[in-house]
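Undergrad: sharing a model prediction with you, sequence too.
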Amino acid sequence: MSGYLALVLHAHLPFVRHPEHERFLEENWLFEAITETYIPLIQVMDGWLRDRMETRLTLTLTPTLCSMLLDPLLQERYAAYLNGLIDLAEKETHRTHWDEGLRPLSEMYLGRFVSARDTYFAYGSNLVGAFRKFQEQGKLEIITCAATHALLPLLENHPNSLRAQILVARDHYRSCFGCDPRGIWLPECAYVEGIEQVLQEANIRWFVTDTHGVLHARPRPRYGIFAPIFTPNGIAAFGRDLDSAKQVWSRNEGYPGDPRYRDFYRDIAFDLDYDYIKPHLPAPPQRSFTGIKYHRISGPAVEKEIYNPFEAQQAAADHAEHFLRSRVQQIDQAARIMDRPPFVLSPYDAELFGHWWYEGPQFIDYLVRKAYYDQTSFRLTTPDEYLKWHPTQQVARPASSSWGEEGYWKVWLNETNEWIYPHLDIAQERMTLLARRYTIADDLTKRALKQAAREILLAQASDWPFILRTGTSPEYACKRVKDHLLRFIALHEQLSSTQVDERWLSQIETIDNIFPDIDYRYWA
């Protein structure tokens with residue numbers, strides 16, 4: 001064996017839960033990810049267990065995602081969503097009965113949706129528990145993230161908020177998985193000096209950063225990104241491998257762009273008669289994805305060709321083979337010039353696999369099986385496992401970095417979203433004043449303080465400035481930031497000068513019900 005490979009998938013969605021509405025379009029972000037990414041990954045890992053394979057995978061499950069996956073209201077709504085998909089797929093099998101090209105595809109979707117429902121209910125609607133099973137059997141390392149995926153370098157001037165993001169996440173991880181997290185995915189792989197002090201307080205041992213965060217460390221790392229570095233306080237920093245990233249992420253060369261794969265954007269919601277599709281839309285009259293797509297990417301041609309799942313499956317196998325051989329060559333070459341086995345970290349957004357790249361879970365399944373059966377150059381591992389085998393590493397200070405555009409904070413701090421931060425700065429300072437003032441509080445005051453903490457965390461989420469920059473759902477992102485800040489302002493005013501409105505507090509506790517056991521004193 002020449003070295004190690006760690007596949008790291010980052011599963012994250014912002015906290016979107018709207019009990020005040022019967023149906024809400026943005027809740028579909030979660031439902032689509034469950035159907036196309038999380039359940040397929042569980043099914044793949046169940047297959048590895050069934051075949052008694054010695055496999056390793058690392059997965060971030062962010063606190064906001066876990067909160068939604070465990071929420072009874074969203075679990076109930078997801079079951080209804082899945083039943084609706086099955087009803088639509090059944091309709092499609094009748095509509096396409098005489099179409100030799102589409103009928104097999106409609107039957108495929110029906111089978112997949114029924115299979116997803118079977119898996120979901122087999123785990124008691126508890127996907128967090130499903131992933132916990134794999135961790136407890138030693139096949140998966142689950143890591144955490146900041147509480148609401150805040151971009152931590154932008155909290156650098158308010159250390160108490162940065163501390164709260166990490167410690168609330170640590171506490172929530174304990175409640176989900178019955179142990180402390182060993183690793184953390186820094187949101188957007190964004191690092192700035194000082195973060196490691198909070199990680200040390202939370203007893204987190206390692207984090208992921210972008211390539212240049214390690215390569216530009218001081219002093220320069222002897223092994224580049226083929227080994228982690230230790231920060232001066234002993235926290236390990238793992239750098240992203242660019243070669244394996246390029247093979248998946250590259251717009252021109254990345255695997256998901258192969259014309260044999262399913263086209264993400266061509267959905268029957270936009271092709272079929274509105275009255276036919278209306279009962280299955282999440283928020284009519286707006287057309288939005290159903291998940292049933294009959295066309296493949298097909299290349300630059302305007303007219304898309306019919307999707308062939310067998311050709312796509314072969315493409316996934318081909319790409320898994322190519323990825324495997326590339327890693328074998330890369331690790332073997334590095335091993336010849338290093339005095340220790342090289343380590344390659346390949347991190348990706350989990351939702352790429354299945355949601356954006358429909359065949360992504362198949363690719364992972366093929367890759368892990370080929371790595372287990374077909375080669376001896378590297379061993380699949382997790383960062384924590386690697387550190388147990390190789391506890392001595394070079395000490396260096398990582399450079400400020402992120403995996404966003406141009407490598408820093410441009411995506412989350414620019415002309416489209418800069419208005420957020422002055423308001424956040426004031427709210428964060430006020431939260432610290434409240435936490436220091438109320439070291440002891442009665443029950444109602446404590447409820448208000450905990451809710452104020454929740455609103456601050458939700459307003460800090462990096463998702464909102466990201467959406468404002470990309471323009472995908474800017475009205476919704478803007479409203480979310482303003483809603484959380486306005487609720488915090490009202491709570492601060494009630495706690496500072498009037499009295500807490502218990503009836504109103506109960507209403508917003510029902511809406512923003514994340515982190516029920518939050519400790520507001522972290523801001524003190």
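TA: Good, I have the coordinates.

Undergrad: please make it C-alpha for all contacts and neighbour counts, starting now.
TA: Fine.

Undergrad: separation between residue 438 and residue 211?
TA: In this structure, residue 438 and residue 211 are 43 Å apart, going by Cα to Cα, to the nearest Å.

Undergrad: pick out whichever of these two has more residues nearby.
TA: More crowded of residue 438 and residue 211, by other Cα atoms under 10 Å: residue 211, with 21 against 16.

Undergrad: so who does that one touch?
TA: 225, 239, 240, 241, 242 (Cα atoms under 8 Å, 6 or more residues apart in numbering).

Undergrad: give me that answer again for 10 Å
TA: 189, 224-225, 238-242, 399, 401-403, 407 (Cα atoms under 10 Å, 6 or more residues apart in numbering).

Undergrad: residue 5 now?
TA: Each residue near residue 5 by Cα under 10 Å, 6+ apart is listed here: 56-57, 327-328, 331, 342-346, 371, 377-383, 386.

Undergrad: tell me which of those residues fall in strands.
TA: In strands, judged by DSSP state E, the following of the contacts of residue 5 are found: 57, 343, 344, 345, 346, 378, 379, 380.

Undergrad: re the thing from before, restricted to helices, list the contacts of residue 211.
TA: Taking DSSP state H as the definition of helices, the contacts of residue 211 contribute residue 242.

Undergrad: who wins for most neighbours among the contacts of residue 211?
TA: Among those, residue 239 has the most neighbours (other Cα under 10 Å), with 28 neighbours.

Undergrad: wait, that residue touches residue 245, no?
TA: No - counting by Cα atoms under 10 Å, residue 239 does not reach residue 245; the two are 11.5 Å apart.

Undergrad: which secondary element of this structure has the worst mean pLDDT?
TA: Ranked by mean pLDDT, DSSP states H and E, the weakest helix or strand in the chain is helix 242-249, scoring a mean of 90.

Undergrad: what's that helix packed up against?
TA: helix 309-337, strand 343-349 (3 or more Cα pairs under 10 Å, 6 or more residues apart in numbering; DSSP states H and E).

Undergrad: quick one, which of the ones you listed is packed in tightest?
TA: Among these, strand 343-349 has the highest mean neighbour count (mean count of other Cα atoms under 10 Å), at a mean of 22.

Undergrad: tilt between that strand and helix 309-337?
TA: Here the directions of strand 343-349 and helix 309-337 differ by 150 degrees (axes from the mean of the first three to the mean of the last three Cα atoms, to 10 degrees).

Undergrad: tell me the angle strand 343-349 makes with helix 242-249.
TA: With the same axes, to 10 degrees as the basis, strand 343-349 and helix 242-249 are set at 30 degrees to each other.

Undergrad: from the chain's centre, how far out does strand 343-349 sit?
TA: Put simply, strand 343-349 sits 14 Å off its chain's centre (Cα atoms, centre = their mean, to the nearest Å).

Undergrad: next one: the nearest residue in space to residue 393 that is not next to it in sequence from residue 331, what distance?
TA: Once flanking residues are discounted, residue 393 sits nearest to residue 229: 5.8 Å by Cα to Cα, 6 or more residues apart in numbering. Distance, residue 229 to residue 331, using Cα to Cα: 18 Å.

Undergrad: ok, residue 275 next?
TA: Counting by Cα to Cα, the separation of residue 275 from residue 331 is 56 Å.

Undergrad: again with residue 286
TA: 49 Å.

Undergrad: repeat for residue 375
TA: 12 Å.

Undergrad: overlap in contacts, these two.
TA: The contact sets of residue 375 and residue 331 overlap at 1, 325 (Cα under 10 Å, 6+ apart).

Undergrad: does residue 61 really touch residue 68, like I thought?
TA: No - using Cα under 10 Å, residue 61 is not in contact with residue 68, being 11.0 Å away.

Undergrad: model confidence over the strand or helix carrying residue 89, on average?
TA: Residue 89 is part of helix 72-95 when elements are defined by DSSP states H and E. Average pLDDT, helix 72-95: 97.

Undergrad: ok, now stretch 260-276?
TA: Stretch 260-276 carries an average pLDDT of 94.

Undergrad: quick check: end-to-end length of it?
TA: Across stretch 260-276, first to last residue, Cα to Cα, it's 29 Å.

Undergrad: can you check stretch 54-67 too?
TA: Calculated as Cα to Cα, the first-to-last residue distance of stretch 54-67 is 30 Å.

Undergrad: find the residues that touch each one of residue 61 and residue 68.
TA: 13, 128.

Undergrad: direction included, what does the longest strand belonging to the chain pair against?
TA: Ordering each strand of the chain by length in residues (DSSP E) puts strand 3-11 first. Paired neighbours of strand 3-11 in the sheet (DSSP bridges): strand 57-61 (parallel), strand 343-349 (parallel), strand 378-380 (parallel).

Undergrad: what's the burial count for residue 446?
TA: The burial count for residue 446: 18, using other Cα under 10 Å.

Undergrad: can you check residue 400 too?
TA: Neighbourhood size, residue 400 [other Cα under 10 Å]: 20.

Undergrad: for residue 209, see how far away the nearest residue to it once chain neighbours are set aside is.
TA: Spatially, and ignoring its direct neighbours in sequence, residue 400 is nearest to residue 192 (4.6 Å; Cα to Cα, 6+ apart). Remark: distance between residue 192 and residue 209 (Cα to Cα) = 10 Å.
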